[in-house]
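Trainee: Build me a model:
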Amino acid sequence: MAKAVWGVDVSKFSVKAVRLVPLREGAAEITNLDVIEYPIGQEGADEGTQIREALTSLMKRNRLGGEKVIVSLPGHTTFNRFIKIPPTEPKKVAQLVKFEAQQHIPFPMDQVVWGYQLVEKEYGPGDELELVLFAVKKDIIYQFLSHLTAVNFPCDVLQFSPVALYNFLVHDQDVGTNCFVLDIGAENSDLVVIDGEKFWIRNIPITGNTITKALQQKFQIPLGEAEKLKVNASSSQQAQKIFGVVQPVLRDLVGEIHRSIGYYKSLSKTVRFEKMMLVGNASKTINLQRFLSQNLQIEALKLAKLNKFSVANSVPEAQFQDYLPTLGVACGLGLQGIGFARNKINLLPEEELKKREFAKKKPIFAAAVGLAIATTGLMYFKADADGGKWAALADSAQAVTQQFTALSGKYKSTEKAMQAAAVEPEKLKVLALRRDATTVVMNALSEVLPDNENGDVVKANGQIWILRVDTEDLLEPVADPAAPKGVVTEMNRVTVEIEGGLPAQPSSMEAQNQVKSRLADKLVELLTSKYKMTVEGEPAIETATKASTRLITLRDEEGGGFLATQFGNRSFHRFKIIIKILPSKAPAAPAAAGDGGTPPGGNNK
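Mentor: Model (predicted):
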């Protein structure tokens, strides 16, 4: 069962976050609640700046580090469609869905991240399979992620806000099998239709701000005061007058709901809705519940309590009750994080997932540097009589630290370059594969390195530690067969040096074999097969590689075999791998989520 997670609902006017801890199966406890509202009515306020400032405040007020974070993407950016596909065996569903997606998604497939949820029900022989298709343009995702990256805000999963709301409702609320939900946000309203195992999302143009601005214009008051008047009107002496102002807006809202429900009924002929639920801060609008119930001729309910969530004593009761109507999305995000959600789509593009996976493993590198420093320090004090020998090792440890710092700077520079190019993700792939060997090698290393979640490199028997990774671009003359006779072209080569250590083996040859089989071979295979790199070099070991065109050299710093160093009663072999890389002329980048293969979130069942 997952550990504590954070669900973070980022909207245009606030950031709402809940911390969930899983209890027994299906139940969870809210141990922390934080809501950061942006200032209302600031003329010329930049939305991106407000989001970044709110996320920064959230991190300062809460300890998010080390815990999974699931973040929402606003629903108005979502394309979703209910489709059917011919009956087929389970292993061919993804391939068939990919073909259907190309027919239904109104954007080029290389410009979107997409996924689907298969409707889980009993299918008879020959029955078509039903599913809900989702898509969002990559540039929208990258624009949103730029706010998170700017303040180093963590994000393990990115989910549509209306899908998160759906996950919450079907898990916690008694919505039944024929219900629709109206989430009225400040700048975005979503209608979520729940029809048995199916669900459908529609954006509604009438929002909470539509109501607020009607009050502002009528009473000639600031927007902030109009917002307070909207949610507190029931206790005002002018309640009826206030309702008279908002009533025309509510009529428009009823018309939009009628149109949306009518359209859905044209898709699902037999559906009969039994009730509707109101969520969002605007659900507090005076007489809204009664007005919608009367005009839609359906029972209207408000989110009044949680059924499968408990609330810790550390969460103020008054604060929780005040924000309860707005917490559905954040709770749904948290449910996905602890594994209780029905829909598990992750909108993070493949390249972002890889980057975050590597970021998780950077502490291993840092711990390894710490090990090198500690090792050198102990040896220095133990063998003070040897004088200069150990002083040299201390200098080596300092150099390792400086090299790691330089590596971190290179990685951050690469991150900035990727963010700047995010508006053209396809060009970004080419840049990363052909001209940025640092990113490629780090991605490959993050995939072949064994996981060590505790970061305890000293106690991890059999672990391989990376102490330094460095790259250098070289321009070398290369004879080009396609060039005119006598003309020599310059070919860009990248030399990669990887230094590390492993527990001492019986011999240097055994240490070589360990590094070769557990790291070097896997790394070269990944670089050549997945990232389409050409790896070359002079063989120093007969069995260094499987093919003469992919040769690597393993040696210690002094070139005389592996160097074993002592750490207390333990010894370690140090090693260096040198790889020369030629970027391929026509690399085939790994498919991003939604670009073929498995959609984000797998089958999302």
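
Trainee: Name the spans of the stretch 201-350 of the chain whose pLDDT lies under the cut-off.
Mentor: Within the stretch 201-350 of the chain, the ranges that satisfy pLDDT under 70 run 235.

Trainee: Which stretches in the stretch 101-250 of the chain count as strands?
Mentor: Per DSSP state E, counting those that start in this stretch, the stretch 101-250 of the chain carries strands over the ranges 112-118, 129-137, 157-160, 178-184, 189-195, 198-204.

Trainee: Relative to I464, tell me which of those strands wins on proximity.
Mentor: For these, proximity to I464 was assessed by CB to CB; strand 157-160 is nearest, at 29.4 Å. Backbone N, C-alpha and C define where each C-beta goes, glycine included.

Trainee: Other residues contacting the closest one?
Mentor: In this structure, residues lying in contact with strand 157-160 by CB atoms under 8 Å, 6 or more residues apart in numbering are 68-73, 75, 78, 134, 136, 141, 144-145, 201, 332-333, 336-337, 345-348.

Trainee: List the ones among those residues that fall in strands.
Mentor: Judged by DSSP state E, those include K68, V69, I70, V71, S72, L73, F134, V136, I201 as members of strands.

Trainee: Generate a markdown table for those residues, with distance to R518 and neighbour count as supplementary columns.
Mentor: Converted to a markdown table, these look like this (distance: CB to CB, whole Å; neighbours: other CB atoms under 10 Å):
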| residue | distance to R518 | neighbour count |
| --- | --- | --- |
| K68 | 29 | 20 |
| V69 | 32 | 21 |
| I70 | 34 | 26 |
| V71 | 36 | 28 |
| S72 | 40 | 27 |
| L73 | 39 | 21 |
| F134 | 40 | 29 |
| V136 | 39 | 25 |
| I201 | 47 | 25 |
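
Trainee: Looking at the residues you listed, which one is closest to S236?
Mentor: Nearest to S236 among the ones in strands among the contacts of strand 157-160, with distances taken as CB to CB, is S72, at 32.6 Å.

Trainee: Test my guess that E274 contacts L301.
Mentor: No - E274 is not in contact with L301 according to CB atoms under 8 Å; the separation is 10.7 Å.

Trainee: Who has more neighbours out of the two?
Mentor: Using other CB atoms under 10 Å as the criterion, E274 and L301 rank with L301 on top: 17 against 12.

Trainee: Excluding chain neighbours, what is closest to that one?
Mentor: Closest residue in space to L301, ignoring its immediate chain neighbours: M277 at 5.0 Å, by CB to CB, 6 or more residues apart in numbering.

Trainee: Just confirm that neighbour contacts Q173, I think it does.
Mentor: Yes - between M277 and Q173 there is a contact under CB under 8 Å: 6.9 Å.

Trainee: List the residues that are in contact with both of these two.
Mentor: Going by CB under 8 Å, 6+ apart, residues that sit against M277 and also against Q173 are L303.

Trainee: Got the domain ranges for the chain?
Mentor: 1-172+308-348, 174-302, 350-583 (automatic domain parsing).

Trainee: Just give me the lowest mean pLDDT stretch among these.
Mentor: Ranked by mean pLDDT, those bottom out at domain 350-583, with a mean of 57.

Trainee: of the strands of the stretch 101-250 of the chain, which approaches Q319 most closely?
Mentor: Minimum separation from Q319 across the strands of the stretch 101-250 of the chain (CB to CB) falls at strand 178-184, 20.6 Å.

Trainee: What strands line up against the closest one, and which way round?
Mentor: Paired with strand 178-184 in the same sheet, following DSSP bridges, are strand 189-195 (antiparallel), strand 275-279 (parallel).

Trainee: To D322, which of those strands lies closest?
Mentor: Nearest of the strands paired with strand 178-184 (CB to CB): strand 275-279, 14.2 Å.

Trainee: List of residues touching the very next helix or strand once past the closest one?
Mentor: Counting by DSSP states H and E, the next helix or strand C-terminal to strand 275-279 is helix 288-296. By CB under 8 Å, 6+ apart, the list of residues contacting helix 288-296 from outside reads 182, 247, 250-251, 253-254, 257-258, 276, 278, 282-283, 299-302.
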